[in-house]
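> The amino acid sequence is not available; the structure is as follows:
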């Protein structure tokens, strides 16, 4: 009966291979890049938590291929299997950021429990390094750069500012969701229907930045504003950051 070896990603972020009790399977895992650990828990093989995600996937996939070639039964989740991760990163050409987000999406879809789902979603929601925060900063910077390059393009700059605020609102909606994500699928998980309805109702009724701007414009339109020689109303100067 073939030996069964399982390669998984733990909550700590480390990739662990368990079940390699004989010397050949242990040698193949070490050759792939795993570090062997023998302690009172038994023999297992682990990748350091500092190993980049792309390297984790490549090493785990290579280890599984070698083990299967040696007729071992290997269990490998889709999130660690390059053959089952799609679409390939190179498919988007120069759009590297989009390709990275597609990779995160595949990890989310491949999540087998709440813990792995939370780890994947953290790449989006981390308050300092998450994708949403990077997108918010980029949109904000684009609006500021429009202002720097063309004082007359203030309407376009404002649109980028509104978009940045929309992303910030999305971040606020999902703040402190890590613990709930981690409990997804747990039979003991309980949610408060009243709180959920209240929170969603508040989000639905919240006025967007664009709507606020429209209300201000509507209120001011009833007053006659002097026009400049170019036909634009005078624009208050905004201090640059």
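Yep, that arrived. Model, not experiment: these values are computed from the prediction.
> Under the pLDDT cut-off, which ranges of the chain? List them.
1-2, 84-91, 187-241 (pLDDT under 70).
> What are the boundaries of the helices in it?
Ranges of helices in the chain, per DSSP state H, are 23-32, 53-69, 96-110, 114-125, 131-149, 154-173, 178-182, 193-205, 209-220.
> among these, which is nearest residue 15?
In terms of C-beta to C-beta, the element of these nearest to residue 15 is helix 53-69, at 5.0 Å. Where C-beta positions appear, they are placed from N, C-alpha and C, glycine not excepted.
> hmm, back to that, could you dump the helices of the chain into a markdown table and include mean neighbour count and distance to residue 39?
Shown next, in a markdown table, are the helices of the chain (neighbours: other C-beta atoms under 10 Å; distance: least, C-beta to C-beta, whole Å):
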| stretch | mean neighbour count | distance to residue 39 |
| --- | --- | --- |
| helix 23-32 | 17 | 14 |
| helix 53-69 | 19 | 21 |
| helix 96-110 | 16 | 30 |
| helix 114-125 | 19 | 23 |
| helix 131-149 | 16 | 37 |
| helix 154-173 | 16 | 41 |
| helix 178-182 | 15 | 27 |
| helix 193-205 | 10 | 44 |
| helix 209-220 | 12 | 55 |
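> okay, these in TSV with distance to residue 6 next?
Shown next, in TSV, are the helices of the chain (distance: least, C-beta to C-beta, whole Å):
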stretch	distance to residue 6
helix 23-32	12
helix 53-69	10
helix 96-110	15
helix 114-125	14
helix 131-149	30
helix 154-173	36
helix 178-182	21
helix 193-205	36
helix 209-220	49
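> Nearest to the spatial middle of this protein, which residue is it?
With distances taken as C-alpha atoms, centre = their mean, residue 124 lies nearest the centre of the chain, 2.4 Å away.
> tell me the contacts of it?
104, 130, 131, 132 (C-beta atoms under 8 Å, 6 or more residues apart in numbering).
> now residue 44
Applying C-beta under 8 Å, 6+ apart, the residues contacting residue 44 are 16, 17, 18, 20, 36, 37.
> go on, residue 6?
For residue 6, the contact set (C-beta under 8 Å, 6+ apart) comprises 17, 18, 19, 74, 75.
> Just the ones in strands from those residues, please.
Judged by DSSP state E, the contacts of residue 6 include 17, 18, 74, 75 as members of strands.
> And the second one, how close does it get to residue 71?
Put plainly, it is residue 18. 18 Å (C-beta to C-beta, to the nearest Å).
> So for these two, which residue has more residues nearby?
residue 18 (17 against 8; other C-beta atoms under 10 Å).
> pretty sure that one contacts residue 5?
Yes - the pair residue 18 / residue 5 is scored as a contact, 7.1 Å apart, by C-beta atoms under 8 Å.
> If we ignore the residues flanking it in sequence, what's nearest residue 17?
residue 45 (4.2 Å; C-beta to C-beta, 6 or more residues apart in numbering).
> Lovely, talk soon.
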